[in-house]
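Visitor: everything below, folded, please.
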Amino acid sequence: MRVSNLMSRNVHACQAVDTLNRVAQILWEHDIGCVPILDNERRVIGIVTDRDVAMAAYTQGKPLGQIQVSTCMSRRVQSVREDDRIQIAASKMREHRVRRLAVVDEHGKLTGMLSLSDLSRRMWPRGGAKSFDDDELLSVVASVSQPRRGSAEEPLAALPDAGKPTRTKVNVTVRPMKRVAKPAK
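Guide: Below is the predicted model of the structure:
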């Protein structure tokens, strides 16, 4: 099976000079998790995820309409071609721990996007994508789910056996909410 069989072709994009408000609008209106950033010739020069928008708003302390896309876009975009095999795309997702790949032509121009959701939705029920099995999909999910920065936990070596429940220690901090005085009547 090829990337062209699973990719999304109706892609909504922005340019680096747009604001994050425009990106947030696209994310919301089209129920997607990332927006590719294109130059004037439709070549992919970056990507902005929903998390990028949230972190830029938090770290810069400005309204989204005052933050330019170029300040928070990832410039290292992983891509595949339409005629690549799904296994190549899965391998890139695993290796670079990304959930989405730009699909480009021979000139680097955007032709679509391939997401982890595209892989999983079209593989279910089992056997939906010939020559791409459940274990391969699970390995992609496990890889892209790993934290990017140092963690107190060791990297995931293997998925636990689905038949055996495992115990996980979770630390939760609860802070009391401030009471708001009721307005006088």
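Visitor: who's in contact with stretch 55-65?
Guide: By CB atoms under 8 Å, 6 or more residues apart in numbering, the surrounding residues in contact with stretch 55-65 are Thr19, Leu20, Asn21, Val23, Ala24, Val53, Ile67, Thr71, Cys72. No exception for glycine: its C-beta is placed from N, CA and C like everyone else's.
Visitor: show me where this protein has helices.
Guide: Along the chain, counting by DSSP state H, helices occupy 3-6, 20-30, 50-60, 86-96, 116-123, 134-144.
Visitor: just send the contacts of stretch 55-65 back as CSV, with pLDDT and neighbour count too.
Guide: Output for the contacts of stretch 55-65, formatted as CSV (pLDDT from 0 to 100; neighbours: other CB atoms under 10 Å):
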residue, pLDDT, neighbour count
Thr19, 96, 18
Leu20, 96, 28
Asn21, 96, 15
Val23, 96, 27
Ala24, 96, 18
Val53, 96, 21
Ile67, 96, 20
Thr71, 94, 14
Cys72, 93, 21
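Visitor: of all those, which two lie farthest apart?
Guide: The span of the contacts of stretch 55-65, defined through CB to CB, is set by Ala24 and Thr71 at 14.4 Å.
Visitor: before we move on, the earlier item: just the contacts of stretch 55-65 now: which is nearest Arg9?
Guide: Arg9 lies nearest to Val23 out of the contacts of stretch 55-65, by CB to CB, at 20.2 Å.
Visitor: could you check how far that closest one is from Ser91?
Guide: Per CB to CB, to the nearest Å, Val23 is found 28 Å from Ser91.
Visitor: now the helices of the chain in JSON lines, with distance to Asp39?
Guide: Listed next are these as JSON lines, based on distance: least, CB to CB, whole Å:
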{"stretch": "helix 3-6", "distance to Asp39": "22"}
{"stretch": "helix 20-30", "distance to Asp39": "16"}
{"stretch": "helix 50-60", "distance to Asp39": "19"}
{"stretch": "helix 86-96", "distance to Asp39": "22"}
{"stretch": "helix 116-123", "distance to Asp39": "25"}
{"stretch": "helix 134-144", "distance to Asp39": "27"}
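Visitor: nearest to Glu41, out of the ones you listed?
Guide: Taking CB to CB, helix 20-30 is the member of those nearest to Glu41, at 19.7 Å.
Visitor: just to revisit the earlier point, least confident of the helices of the chain, on average?
Guide: Among the helices of the chain, helix 134-144 carries the lowest mean pLDDT, a mean of 62.
Visitor: thinking His96 is in contact with Val77, fair?
Guide: No - in this structure His96 lies outside contact range of Val77 using CB atoms under 8 Å: 9.8 Å.
Visitor: between those two, which has more neighbouring residues?
Guide: Between His96 and Val77, Val77 has the larger neighbour count (other CB atoms under 10 Å), namely 21 against 13.
Visitor: all good on my end, thank you.
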